[in-house]
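>>> the sequence and its predicted three-dimensional model are supplied below.
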Amino acid sequence: MADAGAPASRCRLYLEASDPLPANFAALLDVALATGDIACLRISASPEIASIIATAQAKGCAVLLDDATNEVTGFGADGVHLWKPEDYEQAREMLGPSASIGVFCGNSRHAAMEAGEAGADYVSLAPDLELVKWWAEIMVVPLVVELAQDLDQAGDFVAAGADFLCLDDDIWQSEESLKVAINRVMALIG
């Protein structure tokens with residue numbers, strides 16, 4: 001976790017799985033985990049994810065279910081990523097203090113501050129450089145920037161204080177597209 005006002009000491013990647021998962025997702029995940037420093041995988045709940053979760057966790061990658069609080073325990077995931085900040089309290093009550101719960105707050109400073117103060121393990125923000133700088137200057141709660149297609153700006157967001165960069169689901173098209181995207185971002189974040 002970065003100190004308030006200081007850039008993250010080591011920014012890591014956070015990947016969003018495609019939904020539905022491609023038939024070769026397990027192989028693609030192995031490639032991703034071998035290619036870069038992947039801290040977390042966000043994945044939608046579906047019957048085929050149990051072995052994917054186990055594989056990711058065995059390699060030190062946390063797995064969060066995408067907006068499926070009630071499925072976390074059954075799948076053995078590490079926690080949940082919520083798209084509505086108002087769902088945080090209920091998720092924490094259901095999952096307890098040890099689960100990782102992140103909250104997407106878009107461009108809302110107010111929602112991000114409320115989520116951080118409520119105890120969210122991270123807040124997730126839209127790729128807005130000024131917003132990221134603001135967050136890093138005043139808060140210590142880790143920040144995930146939803147980088148999406150903006151791969152070339154990875155270095156700017158790291159310099160602004162991002163702890164994690166979330167690459168969206170377009171990277172899962174092939175082993176080559178996955179390697180190219182991860183290597184590109186890893187080179188930019190240093």
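Ah, there it is.
>>> looking at this structure, which residue lies furthest from center?
Centroid-distance maximum for the chain: residue 23 at 22.5 Å, with CA atoms, centre = their mean.
>>> which helix is the longest one in this structure?
Ranked by number of residues, the top helix in the chain under DSSP state H is helix 175-189.
>>> could you give me the buried positions within that helix?
178, 179, 181, 182, 184, 185, 186, 188, 189 (16 or more other CB atoms under 10 Å). Heads up, the C-betas are built off the backbone N, CA and C, glycines and all.
>>> list the residues that contact the first one.
By CB atoms under 8 Å, 6 or more residues apart in numbering, the residues touching residue 178 are 28, 31, 32, 35, 171, 172.
>>> same check, this time on the fourth one
Going by CB under 8 Å, 6+ apart, residue 182 touches 13, 32, 35, 36, 38, 167, 171.
>>> pretty sure residue 57 contacts residue 64?
No. With contact defined as CB atoms under 8 Å, residue 57 does not reach residue 64; the gap is 11.3 Å.
>>> returning to what we had before: just the contacts of residue 178: which are in helices?
28, 31, 32, 35.
>>> drop anything exposed from these.
28, 31, 32, 35.
>>> so which of those comes closest to residue 96?
Ranked by distance to residue 96 (CB to CB), these are led by residue 32 at 29.1 Å.
>>> what sits against the closest one?
15, 38, 178, 182.
>>> which ones are touching the residue nearest to residue 171 when sequence neighbours are not counted?
Nearest residue to residue 171 in three dimensions, chain neighbours excluded: residue 181, at 4.2 Å (CB to CB, 6 or more residues apart in numbering). By CB under 8 Å, 6+ apart, the contact set of residue 181 is 151, 167, 171.
>>> ok, so of those residues, who is nearest residue 73?
Nearest member of the contacts of residue 181 to residue 73, counting by CB to CB, is residue 167, at 27.2 Å.
>>> ok, the closest one touching residue 12?
No. The pair residue 167 and residue 12 does not pass the contact test of CB under 8 Å, sitting 11.4 Å apart.
>>> comparing the two, which residue is more hemmed in?
Per other CB atoms under 10 Å, whichever of residue 167 and residue 12 has more neighbours is residue 167, with 26 against 19.
>>> the more buried one pairs with what?
residue 15, residue 148 (DSSP bridges).
>>> circling back to that earlier point, next, the residue farthest from the centre of the chain: secondary structure please.
Three-state assignment for residue 23 (DSSP: H, G, I helix; E, B strand; the rest coil): coil.
>>> which stretches in the chain count as strands?
Using DSSP state E, the strands of the chain run over 12-16, 38-43, 62-66, 79-82, 100-106, 122-125, 143-148, 164-167.
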